[in-house]
Structures are given as structure tokens and as C-alpha cells.
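Visitor: here is the input, now give the coordinates:
(chains A, B, C, D and E)
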Amino acid sequence: MVESLVFVLMAIAAIAGAVTVVVARNPVYSAIGLLGTLFSVAVLYVLQLAHFVAAVQIIVYAGAVLTLFLFVIMLIGVDKDETREENLPLQRKAVIGLGSVIVLVASGLALLTDFQWIPAASNALIPEATNGTIEAIAEPLFTTWVLAFEATALLLTIAAAGAIALAHYRKRDD
Amino acid sequence: MVDPGLYMTVAAVLFFIGALGMLTRRNALVMFMCIELMLNAVNLTLISAGRAMNDLNGQVAVFFILVVAAAEVVVGLAIIVAIFRRRSTASVDELNEMRG
Amino acid sequence: MQTPDVNWLAIGPDLALALAAAIILLVEVQWKPLTRTLGFIAAGGLFVASGLAVVQWFFAVDAASAGSFSELSAFSGMILMDGYAIFGRFALLVVTALGVGSGWQFFKDLGRRGAEGLALVLLATTGFSLMVSSNNLIMLFLGLEVGSIALYVLAGLTRQDKKADEAAIKYFLMGSFASAIFVYGVALLYAGTRQLTILGIGDFLSSFIVGSPGVILIGIGLVVVGLGFKVSAAPFHTWAPDVYEGAPAGIVGYLAGVAKIAGFAALARILLTAVDDFAWSFLPVIAAIAVLSMLLGSIMALVQSDVRRMLAYSGVAHAGFILTGVAGFSADGILFYLAVYAVQLVGAFAVVAMVSGSSGSSSDIGLYRGLSRRSPVLAGSLTVLLLGMAGLPLTSGFVAKFGVFADAWFNGYEWLVVVAVIASVIAFAFYLRIIVIMYMEDDEAEVIAVPGTVRWVLGIAVVATLIWGILPGTLLNIVADALPL
Amino acid sequence: MLTALILAPAVAAIVIALIPSKRREVHLPLGIALSIVPLGLAGYLFWVFEPLPGYQHTIDAVWYEPWGIGWTLGVDGISLPMVVLTALLIPIALGASTSITKRTKEFVVFTLLLEAGMLGAFLALDLFLFFVFFEAILIPMYFIIGIWGGERRIYASVKFFIYTALGSALMLAAIIGLAFSYSSEFGSTSFALADLMEVTLDSGTERWFFAAFALAFAIKVPLFPLHTWLPDAHVEAPTAGSVLLAAVLLKLGTYGLLRFNLALFPEASVDAVPIMGVIAVIGIIYGAVVAIVQPDLKKLVAYSSVSHLGFIVLGTFALTSGGLQGAVIQNVNHGLTTGALFLLVGMLYDRRHTKAIADFGGLQKVMPVFAGFFLFMTFASIGLPGLNGFVGEFLVLVGSYATLPVLAIIASFGVVLAAIYLLWAYERVFTGEPDKEENKVLHDLSPREIGLLAPLAILVLVIGLYPAVLLDKIGPSTEAVLDHIESSTDYVTPEPGRLDNVFTAGGDS
Amino acid sequence: MIDFIWLIIALPLLAAVVLHFVGRFLGEPLSGWLASAAIGASFVFALVAALPFIDGGAEASTVLLWEWMPAIGASLEIQWDPLSALMTLVVTGVGFLIHVFAIGYMHGDERFARFFTNLNLFAASMLTLVLAGNYAMLFLGWELVGLCSYLLIGFWFTRPSASAAAKKAFVVNRIGDFGFMIALMLVFTSFGTLSYAGVFERAPEVLTTGTATAIGLLLLVGAAGKSAQVPLYVWLPDAMEGPTPVSALIHAATMVTAGVYVIARSAAIFDLAPAASTTVATVGAITALWAATIALAQRDIKKVLAYSTVSQLGYMFLAVGSTAYVAGIFHLMTHAFFKALLFLGAGAVIHAMNDEQDMHKMGGLFKRMPVTAITMGIATLAIAGIPPLAGFWSKDEILASSFARGGWFSVLFVVGLITALLTAFYMTRQWVLVFLGEPRWDEGVEPHRAPRVMGVPLIILAGLSVVGGLVNTPFRYTLEHYLEPVFEGISLQHPPEGIGMFLILAGLSVFAGLVGAAAAFLTYRRPAGSWKRFEEGLQPLWGVWEDAYGVDDIYGRTLVAPGKRVADVSAFGVDLPVIDGAVNGIAGLFIGLGQRLRPLQTGYVRNYAALLFAGAIVVVAWLLAGGL
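Guide: From the prediction side, this is the model:
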């Protein structure tokens, strides 16, 4: 009962945030909207016992990433309203068209077919199985997934090296 | 007890909002946020699905996707900054020398 | 409390590359050595990696022949060490070596940032090599991102040229968009099957009949789109021309080659082994994409005036041809095509880089006028490579095309083959255009001096093109063992 | 033996490629010298060839086993003449190329590669192998036209390349299809002609495959209305190029029709007889008519080729021993006469740097020997009995009358037209008083040029009077082709002289 | 002997080859004598070989030289029988004389040797034709003589008119050959062989009347081309551009009679096709009259002879058409004598008059060149059919035979009779214009007596023209008996029996001849003014005759010009714009398509994303549609 209530609220909040991201004319507002979405999605995680992931979501996203975004926005000073005049005549039509097609397909799926999001869903939920505590996550993370975990190291190395290579200007460079 | 399908639907909606954002906005940063939206949708999907199937791997996967997102952000912002340095704009509409 | 199942051999090559990259970065920070020194380190890394890959190969072949397939999956099923993966990895290594060799001038020009450049190249290769060998779709996604992100950076690495930014940002935004789509597809596949591993999905689908496969189908579709982007198949190709044109000439060959190899290797593996039970439903789509790519690519290439864009569109067409092989539903045709095409591509771009200068912006076709006089080596090898891409007999390109066409026909896609052969004839037209310019129009511009590394790269590419064209068995016999688990 | 024959020119090409471009004086002589080797081999081959049906000196080496492709070579009465002709014309073509001064080395290399390719195409008995050669030939020819050609050489070379490639592309599809049918019938893949002849196709598929092959070869021949690449290619190509193009490359088309279409798709071939016959005859008349008013000598000869090759196709699809023998021997004849005519035009061009008929007149007075050769070849090409052209055309006409009487009659009118356009051209170029100053100073043929033409002239005469030298070797093979068709379809070759088919002979059905 | 029969062909051929290569060094007159010697030798050889036939009883024999095109029953084989022997003798005999004459005539020409090369080549070809034992070989000779005629008509190639005439001759002949070839196709399809032996024996059993008629008519087409019959005669008058000996040898004595020979040869086939024979006869009669009328009004001395040749050939066709083959061959022989003589005489005159050919500019030459005048006079009488000269006997036999055939042929007989009258008229007119009356020469012309080398042949031929007719008189049909074995089993048309009938018919034709001759003599004996007035009086008919009914430009307007237009249209109206245009059009289509598609690649990331996303949706939708 509570779950459903929270779900509904958070779902609405998430979508609202998302919409803000897309429609807000000022990047700063978009960032705020994104923040909202991230939070509400984090809550939805919690609703599904993904505690650790939710935490990471808040820390990494809301904490690091979004700050970074805002920082860059300020840095390059695009914190002003974006013009709405469209220099691609077809673009807006295309977007609307695509949007309606999606709605069409989706409703078609929902109404005409017995579409199941999770055909392999088990009818009995076992909360312990998916209780995403740190231990629970850590165990597969460092056994089955250890290689993937190592691979993330590469990712970060690249991110670092790449960022430096792109943005960091040494002397004697050009 | 909420039907996991609903979670998935919310995720789908988020995903498509993000996608449409990609098509409408011309500020690289915002487009980029839309991508973050899409990734969030993916995460939500994974978690909901995993929960419904009593499988923890979903959550583990989400962890990695988060990392990827973070890395992408770093590089992406670096590129944007680099461009801004030379062109002092973040509007990709002004980056269309190459076409045809 | 189980312990991680570590298999050093399985990740040996990747480890070697990653180490080389790390060493390069550290050495750079510490000693600021000559780029040449770093080059040697990179070469060493590549060499060791290749050596280990060869070891893996023999191990894999023995294991396969012994029937002990369990030995071929490592890290508790996270990655595979089957012939398919190793072949793909080896191809990546070769392309990397050739790419670095041909783009050497570019790294030199980068000055201090050459270190990052080299490191990123090696890391990208590592990522892609993990991608082709991974069994777990999330792992595959990781590899994909490792590679892609590195490529985004590489595309924008030069500062001589504003086009590079444009290329980088376009590549980056589109790439992230595509990866998001791809990973959503993965998520949906997971939702549909409770499996994240390719083999797992395969077993699941072949052992259960899914009542409402809708979510799985959507998943397949999105995965196809995401990887279709990487291999620049129409209509997901739009980034390719701009990136090829904008990115530094010295790196484009590598960039294009590895993306194609990894993308197709992954796509084929997923389609052929994971969701093969849905072949009946996705093969028509694949065929359609193939047709679109072949025709659009060939026709658009006809009207390009910039050689790099032309090669980009020809790349689109080639994606179509390889997809024809996918429609033929047999891995070996695809692998062979990938290998020979990637080599030709890197070779061709080596020439392009020489003509328009490593980080030079323009590669207008006019620059090639009378090239046969100004540099017979470049003109001659480019001719051979282009003829190879065009698929003329006695070049590997012909054997490759023939292979995929035959597969498609044998799999009941006669009409696709007919379209494909016609498209390949259209393609002749623009390959010939370059040759015409080089040989049949004279222009006494300055002579181009070709450094040794490039000579080596071209020599290898040309010889490979001819050898595999005249004695295809030399490679086909290997490919025959390189089948996915 | 055959392998050596194919490799000899290839090796020669490599040898010459290794000589630095600076030593430009050696390339051409050396090239000619080396091209004597394959000629010798071909001559030997001709000498030891037994006049029997079936293939001789066959080689069957595996190329790539899983695909069932092989280095399968063999020579029979149908390919033998073409092989000899090819080997003979290369030294002559090279000898006629002294006027080529830029990039001599590349020129010689390409010519020799071309020879290797052509020999391979004529000797290949594996469809994959054949296709490889068939397509590979385009490359050197493309360069020969494109680099050493005339004003519009690029247009011509690209047109030539794309056009012919388009045809062969569909053939490739058909080849794959054949192999597939074979593998689904016999379980193993093979591209060997002998194997694929075993395949049983349903008539629909067979017609499609026939069409694909026919298209490829029809473009190569070229048959009306697919001929327009030919005049351009001829006009622009250098002398050697034109000679080889007309004498050998086009023959790949007629040869292919005879060797592959008839052998692989007998049923469809029999059904296609009227169509192919009509197309051929249209070509004969049309080519001749168009040739009449051509202002350019090379174009005129080119269109005359269109006309003459129509005879070959007509003979091929007449499906009588006369017609087939005529077709095969006409392959050689057209090669000799038209090749010689292009040589002559080329020699004229070297002196005067124009090919326009209007620029000449009264040449017989200034260069009688040249005029003599030209007239000789003209009459050979008109089909004067006693010269080779007649043997082929007469065999074809008389042979095809039994099955395609109406077409044969129309076709024989092409002989009249041939007289008109060639003699008119001769009249305008050679007779009258030489009026233009630059024409009065032209020097007659040099001994070298006479040496190039003499062998052709001798062959023209020998074949014209004693065609048995070829027919004896051709006959058994063409008979074998007929037998194959008769055995695999309900077609019966009409026997002239049998009372019951005096007037009901064949008919167009 | 018979095994070496091929020498008859080989000797002149050899001489031709030798002359071709070394003639330049032999020079004049040696090369001429060599040529003459060669053909003379074959004459002697032929004579010896023919003796057995003359005293009768010898079998015709066939010698196979070698297989030519076995697949279509074409082999090179020589048929040695009375007919071929006779033809050989005529060809070699007359040929020899003309060769000798030419030595004088061609004196001083810089291509003297080349002339004799071609002349010998012609002799060899003609002999191939007549000695052939196989239609294919016949066709070989048939075409080779055509070639030689082309070469010799255009011998003075620097004259545009000459080379044009040469081309015309060859092309028109080709049109005839077109029919001939189809005939051969029919023959082969019916018999499975082309050799005389095979064909003639089985003809009755194999051939239906239809086929026989078809073959016959097609042969006629060929023959009409070669023998200058209506409507294909137009090339012969132009052929007079060639040197006069050529006209004499090729266009009077030998080549042009090939048609007659072929029809006589194919008697076995025509025997089965009466309709074809009738056609032949009719064509012959029409030609005879048609050409005769034209000949009346010609001013060019050679043109008169040319048209008279056409007309005489018409007689021969009339003969063979009315199945009086012997008569045809007989006339062929006699005509060879006197027409050759006439041409040579004309040649001598032209020679003497410095290449003047217009008879209006001659006259009074009798005193200057009596030999020529007398010999030509004899020939004129001969051709006019005045007994007992050769022409009388042969022409009379033809007329008599056609009369005897009755029916339609009696109409043809009348035509022949009229022609006889006209012939006498124009021949006499010519002789008188040339030799009698007051000289009308251009100033500076000094006619001189012909050299002996030219005179002797004239005299010999004159002798033949006198006695030649006696080989086949109603009193003794020697020739007929001689040729019997050739035509055995074939119904031959003979002149009516009985001396009375003969006298009547002979009387008629002689009367016609005398009337014509007399009329001409009286008209043209008088001074130029008067006969000019006479000719004026016959206007406009005379004018029509003079320009030969304008047939040439009728052909020009109805055939040549439209043909050229067709060629022009198809070359520049169809080939380039339409067919080639289509090819380039398709190529352009793709380029255009590409250009049209380029804007798709806008360079805007949002567009790219839109495209990609749209693609994604399509793919997904398609998968769902297919999968559910």
C-alpha cells in the first residue's frame, strides 16, 4: 500500500523531472530536473531493495556527476536561455511524428498483444534473493564479476587520460 | 505490492523522454543529460526485472552502468570544454561544417 | 564464499596491452621520453599481446578438438576464449599495429600528448578485445564503452583543426546515444530471459518457449541498432562520414577498423549464438538493413568529393555486404570479410594520411591528381587496396564478397545476393574514380616522401590483400576453426 | 603445360616490372621477346592437340577444398584456337606499340598480365576460376585504355569497366546459385564445369541462370543493344588495346556462350534459340548499317565488329555442326582480320594522328603496300571466298539455315552491307588523287610493320583456303557440344539431305 | 593427265603470284609476256586434256583437290567434262589473245606489271569458276572474279569515277550473290552436299517443284548480278572505266557469261522448275531489248559495246531459259569471239585517238587503221547476224529454239527478232561513225596504226568470228553432240526440225539484221549534220535512250539515298542518343540520386539522432510485427 503510494509519487516526480530536462530553456533548470529524476529513481531503487545501488546513485550521480554538470555550465557560461527558433524545419515534425509512432506502437503492444514486461518473472518473490545490501552486491561483484570490475579500472584510466589529453593545455603545446 | 511491469513502464517512459530530448535540444550539455536519463531508465529496468526474477545480477549490472555513465560524463564534459575553448559555444547546431 | 575464477591466459593479451598503456602513461609523466621510445613500448605491448593471442589460439583449437569446451570460458563465464574471440582479438591487434604504424607521424605531431594518444589506442584495443571475447552482455557493454570512449577522445585529439572538435562531439553524442539504446536492449533481453550471458540466453531460448517474446524482440532490435551504429550500417551510419572526415587522418583508419571488427564480431556472436532461435524474425530486418546500407553507401559514395567521406560511405556499403553474410548466418564468412576489409581500410587510410598530412584536414580528391607520378608506392598500393575493397578477383576482397554472397544464397537469400552484386558494381564506379585521378590525370605537384613505417604498413596490407586473394585457403582454413562457442 | 602457358606471361610481367623505369629502352623489346615464350607453348599445344572430343592436357588441382573450387584447366577444340590466337597477337600488339613513349614499362606489364588473364579465361574449366580470370582481365584493359588512350579515354575506360562488370556481376550470382543447386543435389560443393553440368534445374531457374550468363556474355560480345561501350572503348584505346580488345576480349563473350550457356543450360539454350538468333541478326544488320556512315575509321571497324560477332552468336545458337564450327572458326577469323584492320588504322594514326576518314584520300598512291594490306584485310572481312572471313560466315549461314532459315537469309544480307561500308571507306581513304599536302608525304610501311602484318595475312589466306587445319581440331568438340544438348534435351539436330526435312527443315520454332 | 588438271588453274595463279612479288623488277614488256605465256600454257594444256571429249566417248571426271568445309559439304573438286572444257578453252584462248593485246595497250603504264598480275589472277579465278565441281568452289571463283573485276575496273584508282565504278560493280554483284548464297543454303539443306555429283544425281528424287523453283530463281538472281541482267545490269556500263582489255576479257568474253554458265550447269535443277526457266528466258528477252534500245543512242564507243554486251547476254539467258542450253553456250562462245574483237578494236581506236571515246569526235579512221576497221567490220556483221559469220548461227539457233518452244516463248522470239534489228542498227551506226565519213577529230589528234602486238590478236579473233559459227550448224550439230553427255537426262529445246523451217526463221532474222544495218548505214553515211538531225528527230525518245532511261539516278533516288538516310538515322538518331543515351542515363540516374540524397546528411547531430532513432523504431516495430 505504502509502496504503491510512494511508487506513484516517485514515478510522477521522475517523469516530471525528465520532462523538465527536455523542455527547460535554461540548462541550469535542466540540471535541476535531472537531479529530481535521479532522486526519485533512487527511491524507486530502494522500493525494490536495491539499497547499495540507490546509495551509489545518490553519491555518484547527484553528488559527483551533477555537480560536474553544473560546474561546466557555469564555467562555459551557457546558463542563459536557449533560443527556441528552429533552424531545422523538418526536425520538429520528425520528433512529433516519432513520438506519436512510439505511442502508437506502445498502445498497440498493450492493447492488441498480451505483452509481458518480464515473461520470465517468477510468481513468488524471494526478498532475500534480491536484497541489494553491500554484502550481497559485493559477493558476486568480486567473484563472478571480478573481471568486469577490473575493466572499470580501464574505463576510469581512459576517462582521466582522455580528459587530460582533451582539456589540459600544457606549455609548448601549440 | 506494485507490479514490476509498472516500474518497467516508467523506465520506458523515461527512456523515450530522454531519447526525444536528444532529438530536440541543441545544447550539448542538455543532450548529454538526456543520455543520462536514458541510462537511468536502463538501470531502473534492470533492477525491476532482476527483482521480479529473483536475480541479483540486475543490480550488479546497474553498478557497472553507473560507472560507465560517470566515465562518459568526464570525457564528454572534457570534449565540450575543449570545444568551448575554441568556439565559445556549446550549441551543436553551430557544429555543422561537415555534411553531405 | 567462493573465490574468483581467474584465468590469466584468457586475459593475457588484454593485460599486456593495458600494462603497456599504463607504462606509457607513467613513463611519460616521469621521464618525458621521445615519442619513439613510447612507440617501442606500445610495439612491445602489441607484440606480447599477439604472442599470447597465438598461444590462446592453439590452446583453444586443441580444447575445441578435444571437445572440452568448458575450458574455453573463463572468469565464471564472463568471457570466452573460443576461436571466434581469439580471431577477432588478433585481427584487432593487427589493425592496431598497422594503425599505429601508419599514423605514426600523427603521434609525433601530438608532442607531449602523444603519450595519451598511444595509451588511448592501446586501451581502446583492450576494450574492444574484451568486447569480442566477452560472454556477458554487460561485460560486452563495458568493453564497448572502454573502446568507444577512447575513440571519442582520439577523434578530438588534434588541435590543429576545428573539424576535429566537430567530429569528436558528433561521435561522442551519437555514440553515447547508441550505447544507451544498446544497453537498454540488453536490459530488456535480461528482462525477457533472466540471463545476462550470451550462452545463457542461447540455452534459455532453446530450452523454453517464451509465451510473449515481445520484450525479447524489442531487446534484439535495440541491440541490433546499437551495434549497427558501431559498424555504421545505414540508417545508423550518419556519424561515419563526418567523423572520418574530421578526425585526424592518421588515426581514422585505426578508428574505423577496430570499430567495424568489434561491432560485427559482437553483433554476429549475439545473433548467431544468443538469439539464433529468433533468426526467422530478425533475419529479414538484417537483410533490409543490408540492402539499405549497400545501396545508400555506394550511391552516396559516388557523389563525394572528399576521399575520406567516400571511404566512409564505402564503409557503409561494406557494412551492408557483411550484413549479407549475417543474413547468410555463418560466422566464417563474416570473420574473413572483417579481417580482409579492416586490413585494406587501414592501408587505404595510411595512404590518405600521407596525402593529406597526418593531422591534415582536407583530403579532397583533387589532392590525388597524378599521384602515380608523385609517389608510385602510394598510388600503387592504394590502387590494389581499392580494387580489393571493390572486390575484384585475385584480391582478398573478391574472396570475401564471394564468401558472404555464397552464405546468403545458401541460406535462402538469393534476392539479397542479386542486390548485393549490383551494389558492388555501383561501388566500382567511385573506387575507379580515385584510380582515374591518380593514374590518368597528370599533375606535377610535389613528390611525397613515404616514411619506412608507412611503407611497411602498405607492404603488409597489399601483400595480405593479394595473398588472401590468390590463396584464400591460407586465411580461410584458420577462419574455419574460429567459430563461436 | 597449361599452367605454364598461363604463368609464362605473368612471370614475364613481373620480370619487366622489376626493371627500373629509367631503362625505358629495354622494356618493349624484352616484353616482345618474352611474349614469344607463351606463343611457342601455344604453338606446341596446337601441334600435339589430338583432334578428339573432350578436354586435353587437363589439370585439376584443388584450390580451396571446402568451397570445391579448383585450378581446373583443360583445352579442347573450342578453346584451342583462341589460345593460339591470343598468344599470337600479343607479340604483334606489342610490336605495334613503338609509338607508346610514356610509361612504356607499365604498358608492357599490363599487356602481359592481360595475356595471362585471357589465356586463363579460355583454359579455365572451373566456373569460379573462369570468373576470376574473366573479371581480372578488366583491370589491365582498363588501365591500357585509361592511361594510353585518346581524348575521352577516361570516359571510355570507366564505361568499359562498369558496363562489363555489371554483366559479370549477375553471372557471379548465377554461378553461386548453380553451386548451391549442385550442393543441394549432390551434398558437396563444386564449381567444376563438369560437375555443374550434372545439375538438374527446374526450367524456371535454368532460364534465370541462362539469362544471367547470357547477359554477361552478351555485354562482352557485345550484342545489340548492349554494344555502345565498344565503339567508345575502341576509338579511345591505343592500337594494341584495340587489337586485343577486338581480337580476344570480345571473343570471351562468344566463347562463353558456346562453352557455358550451351553446356550448362541446354534446355534453356534450345528454348532461347529464336531470341538469341533474332538479337544476333539485329546486331548483324544494325551494326553494318550504322557502320556505313561512321566518320571515324576505328568506329567503323568497331561497328563492323558488332556486325561480325552477330554471325558468331547466330552460328552458336543455330545448334548445327555447321553453325557451331562456323562460330568457333569465325572467332579466330574475326580476331585476325579485325585485329589486322585495327593494326593498320593504328599505323595510319601513328603517321597522321587522325582517324577521321575525311582527312584522307588517295593514300594508295603514296603508300601502296599499306593500301594492299588494307584492301586484303578489307576483303577478308567482307567475307571474300578464299579468305578466312568467308569460311566462318558461310559455315554459319549455311549451317543456321537448317534451323533458322529466315534469320539466315536476313543475316546473309549483312554480307552485302559489309561490302558497302568497307569498300566505301576504302574508296574514300585510298582512291582518288591525294589532295591534302600532309597526305602526300606519308611514308609507306616499314619492314617492322610489314613483319607484323605478314603473319596475319598468311593465316588469313591459309584458313581461307585450307580451313581443315582448324576445322579438324574444332569439329569433334563442337559435335560433342551438340551431342550433349541432344542427350539432355529432346532437341534433334536437323540432318541436311534427309528427304523429310527438305522444306520443313527447322522452321523458326 | 586428269590428275594434273589443276595445273590449268595453277599456272596463271602461279604467274600472278610471281608477278605480284617480282613483277616490278621484270618490268615491261617481260612481265606481260610471262603472263601471256602462263595462260597460253593452260590453253594448250586444256586443249590436250579436252581432245578425248572432242572425239567423243570420254567420261566426265571429277578430281577432289581437298575438303574445304566438310560440315556443309563444301570441297574443292574439279569437274572436267565437255562443258567445263569448252569454257576453259574459251577463257584461256580469248584470254591469251587479250593478254597479248594488252601488252601493247598498257604500254607505258607505270603499274604495267601489276595490271598483268591482276589479269592473271582473274584468269585463275575464272578457271576456278568454270572448272569447279562443287557449288562452293564455283562460288569461290564467282567471288574471286568479282574481286578481280573490282581491282581491274578500279585499276586507275586515281580517277574517282573509276574507283566508284569498281565499288558499284562489286556491291551490285554482292546483291546478286545474296541470292546465290541463299540458293546454296537451300541446296545444302536439301541435299546435304554442295558437290555437283551429289546434287544433280539426286535432284529429281529430292527436290519438290517448289524447292527447285526457289533454287532456280535464287540462282537467277545471282546470275543476273554477274551477267548484268535487268535489273542488276547497271554496273556493267560503268565498268567501262577499266582499261579496254579488261572490258574485253572480263566484261565481254568471260566473267559476265558466268551467269549463263551457272544456269546451264544447273540444268538438272531448272529441268524440275519450268517456271524458273521461263523467268530466266523472260528476263533475258527484256534485257536484250532494253539494252539494245539504250545502245542505239550512246556516243561513247565503249558504252555502245557495253550495252550491246548486256543485250547479247540477254540473248544467252533467253536461250538457257528456253532450255536451249547448247544454243546459249554456243552464243556465249561466238559472242566471246566477236565481242572481244570489238572491244579490242575499240581499244585500238581509243589508243589511236589518244584516249578519245566519243564517236562524234571520230570518223574517217578507215584509211588510218585499215586492219582495225576491217576486223571490226567483220565483228559488226557477225554480231548483226549476217550469215555465214559466227553470230548468225548462234543467234539464229536461239531465236529458232525459242520459237519452237512456242507459247509465251514465241512472244520472246518476237522480242529477240526486234532486238536483232536494233543490234544490227547500232553496231553498224558505230562502225560507220568511227571509220567512215569525214574526220571529226579534235585538233592535235594524230591517229596511228596499232602496233603489231595489238593487231595480231584482232586478226585471229576476226578469223574466229568468221568460222566460229560452223561448229554448230543445223547441218551439223557438232557442239550439240559434244555437249550431249553434260545434259543427258535433261529435256533440251532444239530448233524446229527441217531445213524449210530453218530457212524461214533464218530468213527472218537475217532480214531484220540487214534492215537494221542498212538503215544505220544510210543514215550515218551522210554528213554529220544530217544524222544529227535524224537523232534530233527522234527526241525525246532518243534522249531517254541516251541517258539509259535514267535508271542510275532512279536507283540513286529510290535505293541509295534512302539507304543512306536510314544509316544516318540509326547511327546518329538512334545509336548515340537513344541506346547510348540510355546507358549514360542510367549512370547519371545514380549520380543524381546521390546528389538528391546528400541533403539527408545535414550535419546536425539532432538530425542524425532522429534518423538513428527512427531507424530503431522501424526495426523494433518490424520485429514486433514479424514476431507476434
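Visitor: which residues in the stretch 251-400 of chain C form helices?
Guide: C:279-302, C:307-328, C:331-356, C:371-374, C:376-390, C:396-410 (DSSP state H, counting those that start in this stretch).
Visitor: quick one, longest helix in the chain?
Guide: Just so you know, I chose chain A. helix A:89-112 (DSSP state H).
Visitor: I was after chain E.
Guide: helix E:160-191.
Visitor: give the rounded mean pLDDT of the following helix or strand past that one.
Guide: Sequence order places helix E:196-206 as the next helix or strand after helix E:160-191, per DSSP states H and E. In this model, helix E:196-206 carries a mean pLDDT of 86.
Visitor: can you name every helix or strand that helix E:196-206 contacts?
Guide: In terms of contacts (3 or more C-beta pairs under 8 Å, 6 or more residues apart in numbering or on different chains; DSSP states H and E), helix E:196-206 is packed against helix E:160-191, helix E:267-270. For the C-beta atoms, the positions are set from N, CA and C on the backbone; glycine is no exception.
Visitor: could those go into JSON lines alongside mean neighbour count and mean pLDDT?
Guide: Shown next, in JSON lines, are these (neighbours: other C-beta atoms under 10 Å in any protein chain shown; pLDDT from 0 to 100):
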{"stretch": "helix E:160-191", "mean neighbour count": "24", "mean pLDDT": "90"}
{"stretch": "helix E:267-270", "mean neighbour count": "24", "mean pLDDT": "90"}
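Visitor: out of those, nearest to chain A?
Guide: Nearest of these to chain A, taken as C-beta to the nearest C-beta: helix E:160-191 at 67.5 Å.
Visitor: what about that closest one, distance to the chain center?
Guide: Offset of helix E:160-191 from its chain centre (C-alpha atoms, centre = their mean, to the nearest Å): 11 Å.
Visitor: now for D:L387: which residues touch it?
Guide: D:T337, D:F376, D:F379, D:A380, D:V460, D:L461, D:G464 (C-beta atoms under 8 Å, 6 or more residues apart in numbering or on different chains).
Visitor: pick out the residue of the stretch 151-300 of chain D closest to chain B.
Guide: For the stretch 151-300 of chain D, C-beta to the nearest C-beta, closest residue to chain B: D:V158, 22.7 Å.
Visitor: how many residues are close by the closest residue in space to that residue that isn't next to it in sequence?
Guide: Leaving aside its sequence neighbours, D:V158 sits nearest to C:L432 (C-beta to C-beta, 6 or more residues apart in numbering or on different chains; 5.5 Å). Around C:L432 there are 22 other residues, counting by other C-beta atoms under 10 Å in any protein chain shown.
Visitor: over to E:P562?
Guide: Neighbour count of E:P562, defined by other C-beta under 10 Å: 10.
Visitor: try D:L363
Guide: Count around D:L363 with other C-beta under 10 Å applied: 24.
Visitor: let me know whether it touches D:F430 as I believe.
Guide: Yes: using C-beta atoms under 8 Å, D:L363 is in contact with D:F430, at 4.8 Å.
Visitor: the residue nearest to D:V158 against D:A165, yeah?
Guide: No: look at C:L432 against D:A165 with C-beta under 8 Å: they stay out of range, at 9.6 Å.
Visitor: what's next to stretch D:346-359, contact-wise?
Guide: Residues contacting stretch D:346-359 (C-beta under 8 Å, 6+ apart): D:96, D:99, D:235, D:238-240, D:242-243, D:294-298, D:300, D:345, D:360, D:363, D:370, D:425, D:428-429, D:436, D:438-439, D:442-443, D:445, D:449.
Visitor: what about chain E: which of those touch it?
Guide: D:Q294 (C-beta under 8 Å from any C-beta of the partner chain).
Visitor: show the buried residues in the contacts of stretch D:346-359.
Guide: D:96, D:235, D:238-240, D:242-243, D:294, D:296-298, D:300, D:345, D:360, D:363, D:370, D:425, D:428-429, D:439, D:442, D:445, D:449 (16 or more other C-beta atoms under 10 Å in any protein chain shown).
Visitor: make sure D:L442 is indeed in a helix.
Guide: No: counting by DSSP: H, G, I helix; E, B strand; the rest coil, one finds D:L442 to be coil, located in no helix.
Visitor: next, it: phi, psi?
Guide: phi -60, psi 140 (degrees, to the nearest 10).
Visitor: do you know how far it is from D:F342?
Guide: 19 Å (C-beta to C-beta, to the nearest Å).
Visitor: what about C:N477, how many residues nearby?
Guide: Count around C:N477 with other C-beta under 10 Å applied: 12.
Visitor: report pLDDT for it.
Guide: 90.
Visitor: close to chain C: what parts of chain E are there?
Guide: Going by C-beta under 8 Å from any C-beta, the residues of chain E near chain C are E:587, E:590-591, E:593-595, E:597-598, E:601, E:603, E:605, E:607-609, E:611-612, E:614-616, E:619-620, E:622-624, E:626-628.
Visitor: filter the contacts of stretch D:346-359 down to just the ones in helices.
Guide: Those of the contacts of stretch D:346-359 lying in helices (DSSP H): D:235, D:239-240, D:242-243, D:297-298, D:300, D:345, D:363, D:370, D:425, D:428-429, D:438-439, D:449.
Visitor: ok so, going back, which other helices and strands does the longest helix of chain E contact?
Guide: Short answer (3+ C-beta pairs under 8 Å, 6+ apart): helix E:160-191 packs on helix D:388-401, helix D:405-430, helix E:135-153, helix E:196-206, helix E:209-226, helix E:235-239.
Visitor: end to end, how far does stretch E:249-261 reach?
Guide: 16 Å (C-alpha to C-alpha, to the nearest Å).
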